[in-house]
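Student: make a model of this:
(one chain, ligands or ions: 2)
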Amino acid sequence: MINIKENMELNTLNHSCAHLLAQAVKHLYPHAKFWVGPVTTEGFYYDIDLGDNKITDEDLPKLEKEMKKISKDGKRIVRHELTKEEALEMFKDDPYKIDLINNMDENTVISCYTQGDFTDLCRGPHVESVKELKYFKLIKFSGAYYKGDVKNKMLQRIYGVCFKKEEDLDAYLKELEEAKMRDHRKIGKEQGIFMQHDLVGRGMPLWLPNGALLRKQLENYIYEKEQLLGYQHVYTPCVGTVDLYKTSGHWDHYQENMFPKMRVDEEEFVLRPMNCPHHMLIYGNELHSYRDLPIRIGEFATDFRYEASGAVKGLERVRCMCQNDAHLFVTPDQIKDEFKSVVSLILDVYKDFGIKNYSFRLSLRDPMDKEKYFDDDEMWNNAENKLREVLNELKVDYYEAVGEAAFYGPKLDVEVKPAIGPEITLSTCQLDFLLPRRFDLSYIDQLGERKVPVVIHRAIFGTFDRFTAFLLEETKGILPFWLAPLEINIIPVNLEYHLDYAKKVEKLLREHHLRVKIDDRNEKLGYKMRESQMKKIPHTLVLGDNEMTNKTVNYRVYGSSDTNELSLEEYLKFTNDLIKEKK
Ligand code: TSB
Ligand code: ZN
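Tutor: Ligands and ions are numbered 1, 2, ... in the order given. Below you'll find the predicted structure:
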């Protein structure tokens with residue numbers, strides 16, 4: 001999808017359209033008060049206080065109609081500059097604008113734009129006349145806290161988009177419709193992957209049986225890979241004391257992303273946002289020689305993070321998540337090989353899952369940001385260069401992003417684009433020279449001297465939550481055989497005659513670890529077949545007289561109308577190959 005914010009022409013057009021929306025709102029709701037109406041990557045929105053009124057589905061067409069009317073009227077959009085006193089006088093009835101004006105820098109030139117009976121405080125630029133705003137659409141609305149703070153009043157946010165040409169708007173709306181179909185929140189609901197409940201809380205998804213089956217496949221898959229690479233898995237509690245996070249530095253550098261502390265007896269706890277401190281303690285539990293390194297401590301670990309309520313999204317951005325985490329303790333000489341091995345694992349995993357649309361981002365520190373990043377130029381430069389060298393040796397394409405590093409070191413992130421919304425990070429691999437020092441970790445080197453190990457933090461799936469969200473969108477919910485919660489749906493042609501045979505087949509397949517179920521409802525064969533397709537089950541077996549006599553199965557692959565008859569042994573081999581080859 002086109003990035004509207006970065007396209008100067010569309011940026012201006014959408015910005016002007018936000019004013020047009022505000023003007024229409026003012027016509028229909030004269031008491032409305034306005035906060036801000038910025039341009040986004042996907043169009044524009046405006047945050048509006050409508051008093052006791054709430055926007056409903058019926059309002060959007062009404063507003064669009066009023067916008068069209070104003071546009072037809074064709075008033076010019078005129079810029080004025082104001083002194084602070086004039087601005088305060090002009091917007092005296094709008095407390096939100098007064099707040100904006102009062103918070104402006106003394107040197108800011110205050111300007112406003114007028115179109116007919118409507119004036120808005122704005123930096124501009126804008127198109128010359130409202131008649132240029134012809135091809136727009138109001139997309140949706142939501143609640144949005146004033147200044148994004150839950151303690152403030154909830155305003156009404158209306159989203160829209162505007163194009164220069166009708167065909168561009170049509171193409172965009174079509175793309176948006178397709179994206180909505182791919183949205184993991186929609187697929188997740190249809191396929192029984194996860195649910196949410198207010199009584200559990202925002203950003204705290206509940207994994208349903210089908211979701212749990214899918215997640216188990218992901219866990220088994222990555223666990224096996226990690227075993228082969230010499231990882232040792234552990235279990236640790238999802239809380240730690242405040243002192244643990246003071247030791248690690250998270251208390252000073254990461255507190256705004258953490259849940260508030262709680263007291264139990266004389267101890268103060270926090271729900272952990274990361275697992276590194278626990279793994280540092282596990283490493284420090286024993287003395288280590290250089291011969292023991294690398295030590296790779298892995299965990300499927302539950303973390304809690306405070307994410308803004310407006311940012312929380314399905315399984316993609318949650319407040320309770322499970323990381324596919326590991327911390328690798330290495331000597332400085334081993335950094336490159338170990339980092340390389342992680343990048344190779346990422347490439348390997350993405351190949352198995354058929355993921356092609358991703359990019360590597362090398363996230364570096366901002367040398368000017370002394371507050372976020374510890375001050376040791378040599379250490380940072382050294383670490384950043386090591387990562388660059390590995391990427392160049394592996395010949396992978398990447399781009400650099402200054403200011404995106406973790407507070408403890410530079411990292412390599414894998415960026416992907418969800419169906420809706422901006423890019424997100426999936427996998428991550430981070431170098432860390434700081435945490436092992438803070439935990440006073442060591443190993444004895446060849447000369448018998450005490451040395452500090454380097455830590456590599458890495459999460460291949462990122463979190464199981466986010467990876468699942470991405471996978472559902474990439475596959476449009478059509479999961480490959482080896483991942484589908486239900487691999488095989490058996491439909492007996494006639495329940496009276498064929499159910500016993502179906503049960504025998506089901507038992508055999510289950511014994512071979514296949515996920516299989518009989519549809520024994522009293523429904524017509526055609527209805528069951530259609531439903532099997534709708535649920536995107538990879539294989540549907542239809543068992544009737546023929547199959548019963550021949551001791552065979554007749555299978556149909558999702559999306560195809562062909563049927564194939566195989567003996568039970570052949571079918572077992574066929575499915576076994578499908579799983580092995582991850583087709
Ligand atoms: C890799 N300490 C490291 C760890 O050892 C760490 O926590 N890194 S992280 O902060 O980048 O998080 C790891 C991964 O979790 C991210 O790459 C991202 O894929 C995923 N993640 C982060 N925040 C969320 C969230 N709110 N919801 C779902 N997944 C998330
Ligand atoms: Zn970590």
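Student: C-alpha only now, for contacts and for neighbours.
Tutor: Will do.
Student: got a list of what whichever residue of the stretch 251-400 of the chain sits closest to ligand 2 touches?
Tutor: Nearest residue of the stretch 251-400 of the chain to ligand 2: residue 276, at 4.1 Å (CA to the ion). By CA atoms under 8 Å, 6 or more residues apart in numbering, residue 276 lies in contact with 327, 457.
Student: what do you get for the one 4 residues further on?
Tutor: Counting by CA under 8 Å, 6+ apart, residue 280 makes contact with 435, 436, 439, 441.
Student: just the buried residues out of those, in ChimeraX syntax.
Tutor: Filtering the contacts of residue 280 down to the buried ones (16 or more other CA atoms under 10 Å) takes a single ChimeraX command:
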select :435,436,439,441
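Student: specify the beta-bridge partners of residue 39.
Tutor: Per DSSP bridges, the residues bridged to residue 39 are residue 44.
Student: around the nearest residue to residue 111 once chain neighbours are set aside, count how many other residues there are.
Tutor: Distances taken as CA to CA, 6 or more residues apart in numbering place residue 81 nearest to residue 111, at 4.3 Å, with adjacent residues excluded. Residue 81 has 15 neighbouring residues, counting by other CA atoms under 10 Å.
Student: residue 81 touches residue 108, doesn't it?
Tutor: No: the pair residue 81 / residue 108 is not scored as a contact, 10.7 Å apart, by CA atoms under 8 Å.
Student: pull the number of nearby residues for whichever residue of the stretch 101-250 of the chain sits closest to ligand 1.
Tutor: Here the stretch 101-250 of the chain gets closest to ligand 1 at one residue, residue 203, 8.3 Å apart by CA to the nearest ligand atom. By other CA under 10 Å, the residues close to residue 203 number 26.
Student: what sits closest to it if chain neighbours are left out?
Tutor: In space, residue 203 is closest to residue 318, 4.4 Å off (CA to CA, 6+ apart).
Student: and residue 238, by the same measure?
Tutor: residue 272 (5.6 Å).
Student: got the contact list for the one you found?
Tutor: Per CA under 8 Å, 6+ apart, neighbours of residue 272: 238, 239, 240, 258, 303, 304, 305.
Student: equivalent analysis for residue 518, please.
Tutor: Per CA under 8 Å, 6+ apart, neighbours of residue 518: 489, 490, 491, 492, 502, 503, 506.
Student: ok, so of those, who is nearest ligand 1?
Tutor: residue 489 (31.7 Å).
Student: still on that earlier bit, if any of the contacts of residue 518 are buried, give me the ChimeraX selection for them.
Tutor: Listed next is the ChimeraX selection for buried residues among these, using 16+ other CA under 10 Å:
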select :489,490,491,492,502,506
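Student: could you export the contacts of residue 518 as a markdown table, including distance to ligand 2?
Tutor: Below are the contacts of residue 518 laid out as a markdown table (distance: CA to the ion, whole Å):
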| residue | distance to ligand 2 |
| --- | --- |
| 489 | 41 |
| 490 | 44 |
| 491 | 48 |
| 492 | 51 |
| 502 | 49 |
| 503 | 48 |
| 506 | 43 |
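Student: doesn't residue 502 belong to a helix?
Tutor: Yes: assessed by DSSP: H, G, I helix; E, B strand; the rest coil, residue 502 belongs to a helix.
Student: how about the residue nearest the centre of the chain, nearest residue that isn't a chain neighbour?
Tutor: Closest to where the C-alpha atoms of the chain average out (CA atoms, centre = their mean) is residue 316, at 3.3 Å. Nearest non-adjacent residue to residue 316, counting by CA to CA, 6+ apart: residue 466, 4.3 Å away.
Student: so where does the one you found fall, helix or strand?
Tutor: Residue 466 belongs to helix 464-474 when assigned by DSSP states H and E.
Student: show the average pLDDT along that helix.
Tutor: For helix 464-474, the per-residue pLDDT values average out at 97.
Student: could you do stretch 84-94 as well?
Tutor: Stretch 84-94 comes out at a mean pLDDT of 87.
Student: what residues sit buried inside that stretch?
Tutor: Buried residues in stretch 84-94 (16+ other CA under 10 Å): 84, 87, 88, 90, 91, 94.
Student: now intersect these with the helices, please.
Tutor: Judged by DSSP state H, the buried residues of stretch 84-94 include 84, 87, 88, 90 as members of helices.
Student: I'd guessed residue 296 sits against residue 325; true?
Tutor: No: using CA under 8 Å as the test, residue 296 is too far from residue 325 to be in contact (10.3 Å).
Student: returning to what we had before: which outside residues touch the helix holding residue 466?
Tutor: 182-185, 187-188, 215, 218, 314-318, 321-324, 355, 418-419, 426, 461, 477-479.
Student: on that earlier part again, and the residue nearest to residue 316, how many neighbours?
Tutor: Neighbour tally, residue 466, other CA under 10 Å: 23.
Student: same deal with residue 432?
Tutor: Neighbours of residue 432 (other CA under 10 Å): 24.
Student: distance of it relative to residue 232?
Tutor: 20 Å (CA to CA, to the nearest Å).
Student: beyond the helix or strand where residue 224 lies, next helix or strand please.
Tutor: Secondary structure from DSSP H and E places residue 224 in helix 209-228. Heading C-terminal from helix 209-228, the first helix or strand you meet, by DSSP H and E, is strand 231-233.
Student: which parts of that next one are buried?
Tutor: By neighbour count on 16+ other CA under 10 Å, the buried set for strand 231-233 is residue 231.
Student: partner strands of it, with direction?
Tutor: strand 295-304 (parallel).
Student: which strands border the next helix or strand after the partner strand, and is each parallel or antiparallel?
Tutor: Counting by DSSP H and E, the next helix or strand C-terminal to strand 295-304 is strand 320-330. In the sheet, strand 320-330 lines up against strand 295-304 (antiparallel), strand 454-463 (antiparallel) (DSSP bridges).
Student: of the ones you listed, which stretch is the most buried?
Tutor: For the strands paired with strand 320-330, average neighbour numbers computed from mean count of other CA atoms under 10 Å are highest in strand 454-463, which has a mean of 24.
Student: list of residues touching it?
Tutor: 276, 321-332, 335, 339, 342, 345-346, 425-433, 435-436, 467.
Student: and for stretch 443-451?
Tutor: By CA under 8 Å, 6+ apart, the list of residues contacting stretch 443-451 reads 287, 288, 289, 290, 442, 452, 453.
Student: what's the mean pLDDT across that stretch?
Tutor: 97.
Student: enumerate the residues of the stretch 451-583 of the chain near ligand 1.
Tutor: Residues of the stretch 451-583 of the chain lying near ligand 1 by CA under 6 Å from any ligand atom: 457, 458, 459, 462, 463, 465, 466.
Student: ok, so of these, who is nearest residue 548?
Tutor: residue 465 (42.2 Å; CA to CA).
Student: neighbours of the closest one, just the number please.
Tutor: 24.
Student: what about it, distance to residue 108?
Tutor: 44 Å.
Student: circling back to that earlier point, can I get the contacts of residue 518 in CSV including pLDDT and secondary structure?
Tutor: Converted to CSV, those look like this (pLDDT from 0 to 100; DSSP: H, G, I helix; E, B strand; the rest coil):
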residue, pLDDT, secondary structure
489, 97, strand
490, 97, strand
491, 97, strand
492, 96, strand
502, 96, helix
503, 97, helix
506, 97, helix
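Student: any chance of JSON lines for the contacts of residue 518, columns distance to residue 407?
Tutor: Formatted as JSON lines, the contacts of residue 518 follow (distance: CA to CA, whole Å):
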{"residue": "489", "distance to residue 407": "49"}
{"residue": "490", "distance to residue 407": "53"}
{"residue": "491", "distance to residue 407": "56"}
{"residue": "492", "distance to residue 407": "59"}
{"residue": "502", "distance to residue 407": "58"}
{"residue": "503", "distance to residue 407": "57"}
{"residue": "506", "distance to residue 407": "53"}
